[in-house]
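>>> structure for the following, please:
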Amino acid sequence: MSVKSEIERLRSVLPAGVKLLAVSKFHPVEALREAYDAGQRAFGESRPQELKTKHELLPDDIEWHMIGHLQTNKVKYIAPYVHLIESLDSVRLAEAIEREAVKCGRVIDCLLEIHVTCEESKSGWDYAELLAFVREGGFSAMPHIRLRGVMGMATFTDDEATVRGDFKRLKECFDELKGYFGEEFDTLSMGMSDDSPIAIECGTTEVRIGSTIFGAREY
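Numbering: from 1, shown residues only. Below you'll find the predicted structure:
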């Protein structure tokens with residue numbers, strides 16, 4: 001199937017209130033342009049330099065989402081224009097985003113990436129540590145960061161019960177944190193090409209779909 005037809009198919013099956021983020025990392029600009037021409041405007045990238053290059057080559061009305069692990073020294077590459085940093089996973093990174101946002105004269109929207117699996121390879125906050133930082137008012141000292149919600153990944157497994165458990169945990173975290181940040185804390189980003197139906201059952205507001213749209217990655 002073409003990129004255009006796959007995006008149209010996904011739009012037809014996604015429930016109202018669930019946003020489609022096209023994960024375009026490692027895919028060429030031509031593939032993104034095909035998605036753009038099909039009406040897609042939100043794209044997810046995981047490498048700041050790749051994001052910067054694509055931003056320079058593609059239309060200005062694209063929403064660029066940073067979804068990969070972000071090193072503090074790379075924030076400067078994306079701070080001027082990134083729409084949403086979905087992978088805010090530590091105090092150090094938050095401090096770096098705050099500094100770069102000040103330089104750009106921006107308030108940068110971010111999601112809190114939370115680690116809910118037993119897999120050490122996945123990044124994200126330990127929820128107990130995050131909650132303690134929130135309760136201490138840690139983010140109140142960072143007025144150039146606007147927290148919009150939570151992002152997370154489920155365990156890489158064929159066991160649907162495990163995946164569902166991970167997503168339910170992320171939804172619980174989201175619901176609890178919303179009590180601290182209010183109505184603008186409205187985004188729960190979970191679910192990818194293989195597990196998005198379960199994520200939708202568990203209340204996601206955004207699915208991150210890559211290979212279903214673009215095919216196998218070109219590393």
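>>> are we agreed that residue 149 is in a strand?
Yes. The assignment for residue 149 (DSSP: H, G, I helix; E, B strand; the rest coil) places it in a strand.
>>> quick check: it touching residue 190?
No. With contact defined as Cβ atoms under 8 Å, residue 149 does not reach residue 190; the gap is 10.1 Å. From N, CA and C alone the C-beta is placed, and that goes for glycine too.
>>> so those two - more neighbours on which side?
residue 190 (29 against 22; other Cβ atoms under 10 Å).
>>> wait, the more buried one touches residue 151, no?
Yes. Look at residue 190 against residue 151 with Cβ under 8 Å: they come within range, at 6.9 Å.
>>> so for this structure, the centremost residue is which one?
Ranked by distance to the mean C-alpha position of the chain (Cα atoms, centre = their mean), the top residue is residue 86 at 3.5 Å.
>>> just confirm that one is within a strand.
Yes. Counting by three-state DSSP, residue 86 falls inside a strand.
>>> my guess is it contacts residue 111. True?
Yes. At 4.4 Å, residue 86 and residue 111 qualify as touching, with contact defined as Cβ under 8 Å.
>>> shared neighbours of those two, which are they?
Residues touching both residue 86 and residue 111 by Cβ atoms under 8 Å, 6 or more residues apart in numbering: 151, 189.
>>> check contacts around the residue nearest to residue 7 when sequence neighbours are not counted.
Setting aside the residues directly before and after it, residue 7 is nearest to residue 38 in space (Cβ to Cβ, 6 or more residues apart in numbering), at 4.6 Å. When contacts are counted by Cβ under 8 Å, 6+ apart, residue 38 touches 3, 4, 7, 8.
>>> select only the buried ones of the residues you listed in PyMOL?
Applying 16 or more other Cβ atoms under 10 Å to the contacts of residue 38, the buried members can be selected in PyMOL as follows:
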select buried, resi 3+7
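>>> take the contacts of residue 38 and keep only those in helices.
Per DSSP state H, helices hold the following members of those: 3, 4, 7, 8.
>>> what does the longest helix along the chain contact?
Using DSSP H, we find that the single longest helix of the chain is helix 160-181. For helix 160-181, the external contacting residues (Cβ under 8 Å, 6+ apart) are 112, 114, 116-117, 127, 131, 134-135, 147, 149-150, 152-155, 157, 185, 188, 190-191, 195, 198-199, 201-204.
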